[in-house]
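A.B. asks: Sharing a model that was predicted from the sequence below.
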Amino acid sequence: MIEQVVVRKDLRLEVVKWLSNAKELGLSQGLTVMPKKVFYKYVPKSRSNGDGKIMRHLTRDELEKANSRLVHLINRLVLKNSYKRNGTKLVAVASIEGDGNSCIDLHTHFLLEKPESYTNERFYEKVVKAIELSGDFEMSNPNYRDGKDSEDKKNRYKIEEIDQGWSGYITKKIDKLDLNRLYFY
């Protein structure tokens with residue numbers, strides 16, 4: 001039993017080390033997305049809830065499915081016919097962070113492969129289009145105050161070229177948790 005625990009811990013550390021070399025693996029883009037809340041139920045209208053709709057956060061299973069749809073859409077928009085005909089796919093690694101027991105809302109961090117033929121701006125446009133088409137993720141921050149908040153708080157997604165620290169950032173919880181929060185597409 002102790003041997004299995006040691007082997008499992010070593011595997012986690014190996015995966016975290018492997019992901020820390022993401023640039024060398026061809027994973028050059030980082031993406032963070034926040035899922036939308038979904039309708040839960042109606043309650044009598046009041047001042048606090050306005051229209052009577054109660055919204056809830058996605059469950060982890062629902063977020064996993066939304067992530068799969070997002071990666072599928074990114075592949076369709078970026079690779080086009082090559083994705084459909086040849087089954088060519090971009091490499092994507094996702095890490096789900098947050099849960100119902102903490103103050104952190106459930107969200108996903110991605111490491112994405114960007115084709116060499118794409119500029120960063122063109123790739124960003126395709127990823128933003130995929131986020132919009134999926135309908136599962138927030139595009140803009142409803143709490144953003146124009147003029148008071150910084151521009152980077154305007155959107156509920158973030159796409160950036162990664163640096164050495166990004167892989168460590170998205171895998172910070174992997175050392176403490178099982179690998180079941182890490183997804184390979």
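C.D. replies: Cool, the structure landed. Being a predicted model, the structure only gives us computed values, none of them experimental.

A.B. asks: Find the centremost residue of this protein, please.
C.D. replies: Thr108 (2.9 Å; C-alpha atoms, centre = their mean).

A.B. asks: and it, what does it touch?
C.D. replies: 32-33, 35, 63, 67, 94-97 (C-beta atoms under 8 Å, 6 or more residues apart in numbering). Bear in mind the C-beta positions are built from the backbone N, C-alpha and C, glycine included.

A.B. asks: Kindly recompute the last result at 6 Å.
C.D. replies: Residues counted as contacts of Thr108 (C-beta atoms under 6 Å, 6 or more residues apart in numbering) are 33, 67, 94, 96.

A.B. asks: check which helix or strand covers the third one.
C.D. replies: Here Ala94 is covered by strand 92-97, with elements defined by DSSP states H and E.

A.B. asks: Now do that strand: everything it contacts.
C.D. replies: Strand 92-97 is contacted from outside by 67, 71, 107-112, 170, 181-185, using C-beta under 6 Å, 6+ apart.

A.B. asks: now do stretch 70-89
C.D. replies: Stretch 70-89 is contacted by residues 90, 92, 126-127, 129-130, 133-134, 185 when judged by C-beta under 6 Å, 6+ apart.

A.B. asks: tell me which residues of stretch 67-81 are tucked away?
C.D. replies: For stretch 67-81, burial by neighbour count (16 or more other C-beta atoms under 10 Å) applies to 67, 69-71, 73-75, 77-79.

A.B. asks: In these, find the pair that's most separated.
C.D. replies: Taking C-beta to C-beta as the measure, the buried residues of stretch 67-81 span a maximum distance of 17.9 Å, between Asn67 and Leu79.

A.B. asks: about what we covered before: by neighbours, which of the contacts of stretch 70-89 wins?
C.D. replies: Val127 (23 neighbours; other C-beta atoms under 10 Å).

A.B. asks: could you list every residue that touches that one?
C.D. replies: Shown in contact with Val127 (C-beta under 6 Å, 6+ apart): 74, 159.

A.B. asks: Tabulate the CA atom coordinates of the strand or helix carrying it in CSV.
C.D. replies: Following DSSP H and E, one finds Val127 within helix 120-134. The C-alpha trace of helix 120-134 is given here as CSV (Å, rounded to 0.1, in the frame of the first residue of the first chain):
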residue,chain,number,x,y,z
ASN,A,120,-0.7,35.5,-31.9
GLU,A,121,-3.4,38.0,-32.8
ARG,A,122,-5.0,35.7,-35.4
PHE,A,123,-4.9,32.8,-33.0
TYR,A,124,-6.5,35.0,-30.2
GLU,A,125,-9.3,36.0,-32.6
LYS,A,126,-10.1,32.3,-33.3
VAL,A,127,-10.0,31.4,-29.6
VAL,A,128,-12.3,34.3,-28.7
LYS,A,129,-14.7,33.2,-31.5
ALA,A,130,-14.7,29.7,-30.1
ILE,A,131,-15.5,31.0,-26.6
GLU,A,132,-18.4,33.0,-28.0
LEU,A,133,-19.7,30.1,-30.1
SER,A,134,-19.6,27.6,-27.2
